[in-house]
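> Predicted model and sequence follow; I will ask about them next.
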Amino acid sequence: MDLDFSAAEDAFRAEARTWLAAHVPATPLPSLETEEGFAAHREWERTLFADRWSAVSWPEEYGGRGASILQWLIHEEEYYAAGAPGRVSQNGINLLAPTLFEHGTDEQRARVLPSMASGEVIWAQAWSEPESGSDLASLRSTARRTDGGWLLNGQKTWSSRAAFADRAFGLFRSDPDTARPHQGLTYLMFPLGADGVTVRPIGRLDGKPAFAELFLDDVFVPDEDVIGAPGQGWRVAMSTAGNERGLTLRSPGRFTAAAERLTALWRENADPADTALRDRVADAVVGARAYRLFTYANASRIAAGGTIGAESSLNKVFWSELDIALHETALDLLGPYGELSDEAADAPAHGGWAEGHTFSLAGPVYAGTNEIQRDIIAERLLGLPKGRR
Amino acid sequence: MRFLLDDEQREFARSLDGMLTAADTPGAVRAWAAGDTTPGRELWTRLAEAGVFALAVPERHDGLGPLPVETTVAFTELGRHAVPGPLVETVAAAALLDALGDTGATALLPQIATGKAVVSLCVPALGGPYALDADAADAVLLVEGDTVRLAEAAGPVQPSADPARRLARPLGGTVLAKGPAVTAATAHAAEVAALATAAQCLGLGRALLDRTVEYVGQRRQFGVAIGSFQAVKHRLADTLIALEFARPLLHSAALALAEGADHRSAEIAAAKVTAGEAAYAAARTALQLHGAVGYTEELDLALWIRKARPLRDAWGTPAACRARVLAS
């Protein structure tokens, strides 16, 4: 058992750190959930891509570096420690790309991945529907066969990034007459600017249009934009969901970097006699460290030929609750400035704590609510009997 | 990097688990609590034969260690079975005596390795004024300020909330060592103790979780197993999450101790507070989900429940650990 990095991994870390030191904007970009910020973040993706830092784990032919999972974790640690911008392309890179690697064709990968990595095409997700949230398999939007492709109809919602994104991916019911709801679904990609698509941005708690509703009216999708076999969409999508909850959505680097900043904030601002606040800072530091080490153990397991299944639900609950606790502690340390919006001129850290807190509040809801995750943990990891939700 | 226990370490854990499952460990715990240490000492000897104590004793004193990772593996199993006795104190005493160099008690080290010496250790500045199981120990070390003594007697047993923990004040004794070296050696011994206690907490928490999962799968109310209710499931899911995120902290802290890394104190503190809180939360969950029967001393579950809070606080309270995490 060891926690040692190889010389090559150390060199990779040094290369990433050097590049980031030279390129990370001195002043944080505007929030990526605004039109101006979205454009600035898209430009940042292009800068990353130019030196092959936007999708390090992808093969070189698609613009990556063929990085190992450990190198990916190292890059994430350096990325967030350097205070680099949030990733506007993360839905594509973390959710769609793993699906294409597992279920896509060579033609799809060659067509979709490079423009995703460069930020030229930003992807939104189109999973949830007004009547289908946690019970995603009950979704009702349809894909109907037509000459050379499919016609999409229905409504999607809570579609992250869709207010400003270029394309979307999601599940549609292609066969309405199946015995079980998760059968007869097809995984498709479609342009948000296509005829028949109406995008209605939705303001999140702070009013920024972080997601959108999509209305689809006979939207044509060619056969080449179906991923996997028609009717097999549930299985295809679940491999993505596993990735989302597992290692790739919220890397430990985000939290170790935030915990470092929290510790610095505490050292600068805190009353040493306030041990209650000190304990919460310590818990955030310990939580971030635990998450990092837990992930190294999982990475070691994968490197040894193992897989991560329902265990990814442990991750999702842990990081989403850690993220909220960490940001709540920061706001408390900021005292009267903790109330300020990230847009306030006086907001500490250019509004980073306020933005981070708002963002963290969604964590227990998206990517499978924490209630669903706890059901999965109880049933699949502890072996408890299934019951009514 | 391979941040996983190797096959040999996992097999060691399995063999200890198997041995302690086959032995009547709950019977030994109850006897120990009643003042009959015979079954507990027999168990102690078998643990020594399996190498548990030798892992904490250096080769020059006829041991196999110090091997903090393997010691952590072993103490996780000792916690899982709620094994009685000053287990933590004995391995911490070994670390103390070894670090002190030649003293009048150096001869204890090979005896610790073979299981012949059961040793308790009391450091009032770091914990309470009591030595655990002083009445059952062959030797009791007392560290006050920069002085280590071999206690000559112990006061009357002060019953603990966990009857299997018999607390007594060490009294008097001959001076074994004195001076700044004692302070450093004691700090090292306290780290060993905190890590071993954290490992016990992890095993204790897993045992409480496993027993409770089994119970709620069998117990039926309203015509179904109570384990099918979300309120029950989610509490157990949270228990598992807390324990599973304590484990890597424990292993990382053991590696830091093995390497003598500068950050070991903060790492051990992080492991101790996380495992301690997780085990205590597991005990609360176990009690709640067993219902009234979980509140009885008749069920063996009590042997684990009652140990959770003392272990959470021993060799580093949560508050002390949190302060240490931020001290560096």
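That came through, no problem. Residues are numbered from 1 along each chain as shown, chains lettered A, B, ... in the order given.

> residues touching the residue of chain B most remote from its centre, list them.
Most distant residue from the mean C-alpha position of chain B: B:Gly223, 40.5 Å away (Cα atoms, centre = their mean). Counting by Cβ atoms under 8 Å, 6 or more residues apart in numbering or on different chains, B:Gly223 makes contact with nothing. In short, each C-beta sits where N, CA and C put it, glycine included.

> what's the answer for B:Glu244, then?
B:Glu244 touches A:294, A:314, counting by Cβ under 8 Å, 6+ apart.

> where does B:Trp315 fall, helix, sheet strand or coil?
Here B:Trp315 is recorded as coil under DSSP: H, G, I helix; E, B strand; the rest coil.

> who are the neighbours in contact with the closest residue to A:Gly363 other than its chain neighbours?
Sequence neighbours aside, A:Ser320 is the residue nearest to A:Gly363 in space, at 3.3 Å (criterion: Cβ to Cβ, 6 or more residues apart in numbering or on different chains). Counting by Cβ under 8 Å, 6+ apart, A:Ser320 touches A:250, A:360, A:363-364, A:370.

> Next one: A:Ser320 from A:Ile122, what distance?
Distance, A:Ser320 to A:Ile122, using Cβ to Cβ, to the nearest Å: 24 Å.

> okay, now the closest residue to B:Ala256 other than its chain neighbours: neighbour count?
Nearest residue to B:Ala256 in three dimensions, chain neighbours excluded: B:Arg264, at 3.9 Å (Cβ to Cβ, 6+ apart). B:Arg264 has 22 neighbouring residues, counting by other Cβ atoms under 10 Å in any protein chain shown.

> For B:Arg264, give me its contacts.
Taking Cβ under 8 Å, 6+ apart as the definition, contacts of B:Arg264 comprise B:191, B:253, B:256-257.

> So for chain B, the centremost residue is which one?
Centroid-nearest residue in chain B: B:Thr197, 3.4 Å away (criterion: Cα atoms, centre = their mean).

> part of a helix, is it?
Yes. Assessed by three-state DSSP, B:Thr197 belongs to a helix.

> Please name the residues that touch the nearest residue to it once chain neighbours are set aside.
Distances taken as Cβ to Cβ, 6+ apart place B:Trp315 nearest to B:Thr197, at 4.7 Å, with adjacent residues excluded. The neighbourhood of B:Trp315, defined by Cβ under 8 Å, 6+ apart, consists of B:88, B:92, B:126-127, B:190, B:193-194, B:197, B:272.

> out of those, who has the most neighbours?
Within the contacts of B:Trp315, B:Lys272 tops the neighbour count with 35 neighbours, counted by other Cβ under 10 Å.

> Okay, buried residues for the helix or strand encompassing B:Val148 please.
For B:Val148, the host element (DSSP states H and E) is strand B:147-150. Going by neighbour count (16 or more other Cβ atoms under 10 Å in any protein chain shown), the buried part of strand B:147-150 is B:148-150.

> And the residues you listed, which is closest to chain A?
B:Val148 (30.9 Å; Cβ to the nearest Cβ).

> Roughly how far does the closest one sit from A:Asn91?
Separation of B:Val148 from A:Asn91 (Cβ to Cβ): 61 Å.

> quick revisit: from the contacts of A:Ser320, which shows the smallest pLDDT?
Ranked by pLDDT, the contacts of A:Ser320 bottom out at A:Arg250 (84).

> Contact partners for that residue?
With Cβ under 8 Å, 6+ apart, A:Arg250 has these contacts: A:315, A:319-320, A:323, A:363.

> Check A:Glu120 too.
Neighbouring residues of A:Glu120 by Cβ under 8 Å, 6+ apart: A:Arg46.

> Now the phi/psi pair for it, please.
Main-chain torsions, A:Glu120, degrees, to the nearest 10: phi -60, psi -40.

> Burial check on residue 136, number of neighbours?
Using chain A. Burial measure for A:Leu136: 20 neighbouring residues, criterion other Cβ under 10 Å.

> wrong chain, I was asking about chain B
Neighbour number of B:Ala136 under other Cβ under 10 Å is 21.

> what residues are up against it?
By Cβ under 8 Å, 6+ apart, the contact list for B:Ala136 reads B:32, B:37, B:40-41, B:85-86, B:118, B:166.

> Show me the shaky parts of the chain.
The chain I'm using is chain A. Where chain A drops to pLDDT under 70, the residues are A:240-249.

> that's the wrong chain, I wanted chain B
Applying pLDDT under 70 to chain B flags residues B:328.

> What segments of chain A are helices?
Secondary structure of chain A by DSSP state H: the helices cover A:7-23, A:35-50, A:69-81, A:90, A:97-103, A:106-118, A:233-245, A:252-269, A:275-303, A:312-333, A:352-361, A:370-376.

> one step back: contacting residues around the residue nearest to the centre of chain B?
The neighbours of B:Thr197, taking Cβ under 8 Å, 6+ apart as the test, are B:75, B:88, B:272, B:276, B:311, B:314-316.

> How about B:Ala23?
By Cβ under 8 Å, 6+ apart, the neighbours of B:Ala23 are B:43, B:46.

> likewise A:Glu371?
A:134, B:230, B:234.

> hmm, 6 Å instead?
Neighbour list for A:Glu371: empty [criterion: Cβ atoms under 6 Å, 6 or more residues apart in numbering or on different chains].

> Please tell me how far it sits from A:Ala237.
20 Å.

> now swap in B:Thr285 and tell me
Separation of B:Thr285 from A:Ala237 (Cβ to Cβ) stands at 34 Å.

> Same drill for those two, tell me which one is more crowded.
A:Ala237 (25 against 21).
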